[in-house]
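Chemist: predicted model and sequence below, questions to follow.
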Amino acid sequence: MGSWPSARDWIFSFKAFIAAMLALWIAMYLGLPRPYWAMGSVYIVAHPLTGATRSKALYRVLGTLLGAAAGVAMVPPLVNSPPLLMAALAIWVACLLYVALLHRTPRSYAFMLAAYTLPLVALPSVDNPVGVFDMAVARSEEICLGILCASVVGAVIMPASVAEVLRNKSRQWMTDAALWASDMLSPSPSAQVTRHHSRHRLAADILALDQLISQLSYDAESAAHVRAARELRGRMTMLLPVLSSLASIVESMRVAGGVPAPLAVQMRAVKDWIQSGAAQAPPLAHSPTLLEPGRDAALIAAAEDRLHQLAALWDDCMTLCCRLGEKHLASKWAPKFLRWEVGRARHYDHGMLLFSTVTVALAIFTMGMLWIQMGWADGAGAVALGAISCCFFAALDEPAPMIKSFFNWNVVCLLISLVMLFAALPIAHDFEMLVLMFAVPYLIIGLLVAQPRLAMIGMPLAVVTANDIGIQGAYSANFQSFFNSNVAGIAGIAFALAWTLVVRPFGTRAATRRLVRAGWGDIAENAMGTRAGSHTQLRARMLDRLAQLVPRLAASESEVSNDGFSEVRVELTTLALQREMSGMQPDEQHAVRRVLRSISTYYNARLDGTLDAPPPALRKRLTNAQQKVRSRIALAALVEMQVALFPPALPESVSGEA
């Protein structure tokens, strides 16, 4: 039953259809040359959430105006030099697409639109360069009209709040995290982490929250709500490595003979508190004798440290979830978790982004030159739709399957348009009848657009069908013109698909390997670093990389890593040891530095391909450092580092020093 459209989906579909028909009527009333652009624009920016519609509307206007202005600037001076015009167009698309891929917020839409609006405006004008200004103005007017209608209808008729969806998704995330935490906190040796795969889903879901948080600022919520949402996102991200760390340490204790009774009591108290959803965290105290030498004491100290972090982070997350539900945030929030700060830095694979955008530019240039050499009258449409296909899916590891789907649904659009234009529309003698003709197919299409998993089917059906039909102020249909122009667009998508299959044969596996190796490089470079001021950004980058990595690990079954959390935990512990080093005695500092130096050497060796597993010398140095350090935080970091690198091995007493 979950696959059936909900009441909210039906409401959205009716709202989008009303806005599309309103935009079409106004465009026809004003005598705009291509009223179908206004109709199609409604479905491009329409979203079930009002704030998301506003953000897409704003950035689509900016992107359209920028791309149209570029067309006006480029076509007249370069129209007599076709290779130069195609080269300038390809470079423009590549540069704007690169900037768009750097952003994971609604503002990326402005750069994406600016990238592919240029070929839509410039290429049809090469035969009439003096008309490029009129083309740019008409496209801007019609698209802005569609955007305005979508925004007004979305805001007036039963508006849907981004904040409400964000609250619900955050609470569901906390519920899923509670299942993992409850399994892990069960001290019984027979208890297994039965939902260990949930950590991958939780990390991936955090990326989805980013879009909602970005759209929240366009909703009717206050700036305080936006700040609370960003704080929540940061703490949810930090919660994942803490849970993973505690799970590994507890599992090591179970292998060693079981969880000590005092620690089991604390674990049970935290588990009961998490499951009850109570506001007040249970009191937790450090055991005073845990700094005595011994592997059990070190493990217990590490487990207690992570348990305290878990309780503080969970308390903060639950408090922030409640704050998102409040209408007015009068009081100032005081966080419980103060160990780390996480900045807003992100991990970018600039090499892969550059490769993606360069291949798109070469595809556009190649299509343009083929069109020019062939003298194909309708070839401009092929190049324009091929450029759109390449841009839409450039961010994907494997764009070819989505371009193939786009091709298939464009063929469906062609068939629907053929029936509508030559069988249905001839009997529509007034606008009311035209609305009735569009009602059934477009209300169904609106249901597809409303559901994220089907949106990439619904979007081309709505937009391409409107463009293929090419509604004007009066009925005018010529089969030869219809067939030639629309088949040209499909041919452009076919070229984009063939090009992508040739130049991008690798996919998720390669992206996964690059992410894992980027993590190794970060650890190797920063293990010996002493710049505490950079720790905040390092943590943010590694946690963002984790969120990008785990969905790919599940999809690729990569041989370079089977978890994704281990490297993050090693990197977090290296930063913790660096921060604690200043308060250590000289002999402690010496032991910790040897560990960090070995960590750096090991991950450099992994990058070089000379080592696949940590060397025994590193394990000995970890054990030696654990015997010498007196700081509870440093001891917990060393234990976790050993558990992460040598699972499920325990610290062992060694005679002598490595």
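Modeler: Structure received.
Chemist: just checking, Arg517 touches Asn604?
Modeler: No - using Cβ atoms under 8 Å, Arg517 is not in contact with Asn604; the gap is 11.5 Å. Glycine gets a C-beta too; all of them are placed from N, C-alpha and C.
Chemist: how far away is Met374 from Phe482?
Modeler: 21 Å (Cβ to Cβ, to the nearest Å).
Chemist: neighbour count: these two, which is higher?
Modeler: Counted by other Cβ atoms under 10 Å, Met374 and Phe482 do not tie: Phe482 has more neighbours, with 18 against 10.
Chemist: from Thr359, how far off is the more buried one?
Modeler: 32 Å.
Chemist: ok, Arg306 next?
Modeler: From Arg306 over to Thr359 the distance is 45 Å, taken as Cβ to Cβ.
Chemist: swap in Leu515?
Modeler: Using Cβ to Cβ, we find Leu515 at a distance of 20 Å from Thr359.
Chemist: more neighbours: those two, which one.
Modeler: More crowded of Leu515 and Thr359, by other Cβ under 10 Å: Leu515, with 24 against 19.
Chemist: in contact with that one: list those residues for me.
Modeler: With contacts taken as Cβ atoms under 8 Å, 6 or more residues apart in numbering, Leu515 has the following neighbours: 347, 349, 545, 548-549, 552.
Chemist: let's see that with 6 Å instead.
Modeler: When contacts are counted by Cβ atoms under 6 Å, 6 or more residues apart in numbering, Leu515 touches 545, 549.
Chemist: and the helix or strand where it lies, how far from the chain's centre?
Modeler: Taking DSSP states H and E as the criterion, Leu515 maps to helix 508-526. Counting by Cα atoms, centre = their mean, to the nearest Å, helix 508-526 is centred 18 Å from the centre of its parent chain.
Chemist: continuing past that helix, what's the next helix or strand?
Modeler: helix 535-556.
Chemist: just for the stretch 401-550 of the chain, where's the confidence low?
Modeler: Applying pLDDT under 70 to the stretch 401-550 of the chain flags the ranges 472-477, 529-533.
Chemist: hmm, try it at 80
Modeler: Scanning the stretch 401-550 of the chain for pLDDT under 80 picks out 423-426, 428-429, 452, 470-479, 506-507, 528-539, 543, 546-547, 550.
Chemist: ok, which stretches of it are helices?
Modeler: Applying DSSP state H, counting those that start in this stretch to the stretch 401-550 of the chain gives helices spanning 431-450, 455-469, 479-503, 508-526, 535-556.
Chemist: in CSV, list the ones you listed along with distance to Pro33.
Modeler: Output for the helices of the stretch 401-550 of the chain, formatted as CSV (distance: least, Cβ to Cβ, whole Å):
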stretch, distance to Pro33
helix 431-450, 18
helix 455-469, 13
helix 479-503, 15
helix 508-526, 43
helix 535-556, 44
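Chemist: out of these, which gets nearest to Trp180?
Modeler: Smallest distance to Trp180 across those (Cβ to Cβ): 13.4 Å, for helix 535-556.
Chemist: which neighbouring elements make contact with that closest one?
Modeler: If you count contacts as 3 or more Cβ pairs under 6 Å, 6 or more residues apart in numbering; DSSP states H and E, helix 535-556 packs onto helix 198-216, helix 508-526, helix 565-580.
Chemist: please identify the deepest-packed of those.
Modeler: helix 565-580 (a mean of 23; mean count of other Cβ atoms under 10 Å).
Chemist: by mean pLDDT, which helix or strand of the chain comes out lowest?
Modeler: Lowest mean confidence among the helices and strands of the chain (mean pLDDT, DSSP states H and E): helix 198-216, at a mean of 72.
Chemist: next helix or strand past it?
Modeler: Beyond helix 198-216 in the direction of the C-terminus, DSSP H and E gives the next helix or strand as helix 223-256.
Chemist: ok so, going back, just put the helices and strands packed on helix 535-556 in TSV and tack on distance to Thr50.
Modeler: Output for those, formatted as TSV (distance: least, Cβ to Cβ, whole Å):
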stretch	distance to Thr50
helix 198-216	9
helix 508-526	34
helix 565-580	36
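Chemist: for the residue nearest to Ala181 when sequence neighbours are not counted, the count of nearby residues, please.
Modeler: Closest residue to Ala181 apart from its sequence neighbours, by Cβ to Cβ, 6 or more residues apart in numbering: Ile274 at 5.5 Å. As a burial measure, Ile274 scores 22 neighbours (other Cβ under 10 Å).
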